[in-house]
Each structure stands twice: as structure tokens, then as C-alpha cells.
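J.: sequence and predicted structure below; questions after.
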Amino acid sequence: MYFTAQAVAKHMIEKGIRGRIINTASIAATVSPPGTAIYSSSKAAVVSLTKALAVELAPKGINVNAISPGVFPSEMSDGIVESPGSKKALKAIPNRRWGDTEHDMMGVLLLLASEKASAHLVGVNITVDGGHSLYAFNPMDPTSVFEDPS
């Protein structure tokens, strides 16, 4: 991710192109359930890299921001979305639904890519998860937060 951003930024600067670099992180960057140490730390690194690149590149007319999606139907999340406990898992999302790539992710992507709408957004990480990361959750038992501890 760093080398790609570095190559793109070098080209943009040489050609005098002002624009956007948008990284994809995850809610795992800030919520680290058991068993996700490597994945969570790699996504936290994406958020940190986004901020560091933003500081370096904003003066050159390149805004760098990130999107952190929650659970969206995908090959990676099939174990959650298609599991027998998926209705229970939805209770851990305040708006009670999985993300929709076309509507939820594309809207944020268009915002961050828009010159007018995001001209003053620099080093921002936008979480797109329906409020899922507002709860500390365990992906193996995502609604344990709602259960009576007794």
C-alpha cells in the first residue's frame, strides 16, 4: 500500500495533478476481537499510514483519506453473514443490517473522491459499519455484549 501510494503520488506531483488517494482499512483497526491480532494491527497500520501520507501530501494538493468498512457480504465475511447465528449477529449492529457495497460504500467513496465535497478532508478515516464498532464485540459471539453476564 505504501509503495503504491508513493508511486502514484510521485507521478501526480511530477505532472502537477491535484487529487485523492483513498485507502481501505477496516473497523478491525479500532476494534480488536480475540484472534484478530495480525489482521487488526495491519488495518490499524493502514489508518496510521493514511494520516502520515496525508500530512506529507496535502501541501502538494493530494488528499489522503481512508474508509473502514464493517461487515459487508463478501467471501471474507460469509462465515458471519451466512451463518445460522447471523440474525443474532445483526443485533450487534445498531441499524440491524449488513453493509451494502453499492449504496453504503460507494456513497463514502464518492464523497472522498469529490474535489468539492472533500477539499478539506485530510487524513480522515470514515467508518462505514452501521454503528457496529460502537460495541466491543467478539466475532465468534458478536452479540455477547447483549447477554446477561450472570
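T.: The structure has been received and is ready for your questions.
J.: where does Lys51 sit, in terms of helix or strand?
T.: helix 37-57 (DSSP states H and E).
J.: contacts for that helix next, please.
T.: Residues outside helix 37-57 that contact it (Cβ atoms under 8 Å, 6 or more residues apart in numbering): 1-2, 5, 9, 21, 23-26, 28-33, 63-66, 68, 122-123, 125. C-betas here are computed from N, CA, C, even on glycine.
J.: same check, this time on stretch 70-79
T.: The contact list for stretch 70-79, computed with Cβ under 8 Å, 6+ apart, reads 26-27, 80-81, 89, 93, 98-101, 104-105, 127-130, 132-133.
J.: what mean pLDDT does it have?
T.: The pLDDT scores in stretch 70-79 average 84.
J.: could you do stretch 104-124 as well?
T.: Here the average pLDDT along stretch 104-124 is 96.
J.: and the helix holding Lys51, what's buried?
T.: By 16 or more other Cβ atoms under 10 Å, the buried positions in helix 37-57 come out as 40, 43-44, 46-47, 49-51, 53-54, 57.
J.: before we move on, back to that, which ones among the contacts of helix 37-57 map onto helices?
T.: 2, 5, 9 (DSSP state H).
J.: okay, those in TSV with neighbour count, pLDDT and distance to Leu111 next?
T.: TSV is the format used below for these (neighbours: other Cβ atoms under 10 Å; pLDDT from 0 to 100; distance: Cβ to Cβ, whole Å):
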residue	neighbour count	pLDDT	distance to Leu111
Tyr2	11	96	24
Ala5	18	96	20
Ala9	19	98	21
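J.: need those in a markdown table (columns: distance to Gly85).
T.: Below are the ones in helices among the contacts of helix 37-57 laid out as a markdown table (distance: Cβ to Cβ, whole Å):
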| residue | distance to Gly85 |
| --- | --- |
| Tyr2 | 37 |
| Ala5 | 38 |
| Ala9 | 44 |
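J.: ok, the residues you listed vs Gly16, which is closest?
T.: Of all the ones in helices among the contacts of helix 37-57, Ala9 has the smallest distance to Gly16: 12.6 Å, by Cβ to Cβ.
J.: for that closest one, which residues are in contact?
T.: 21, 53, 57, 60, 62.
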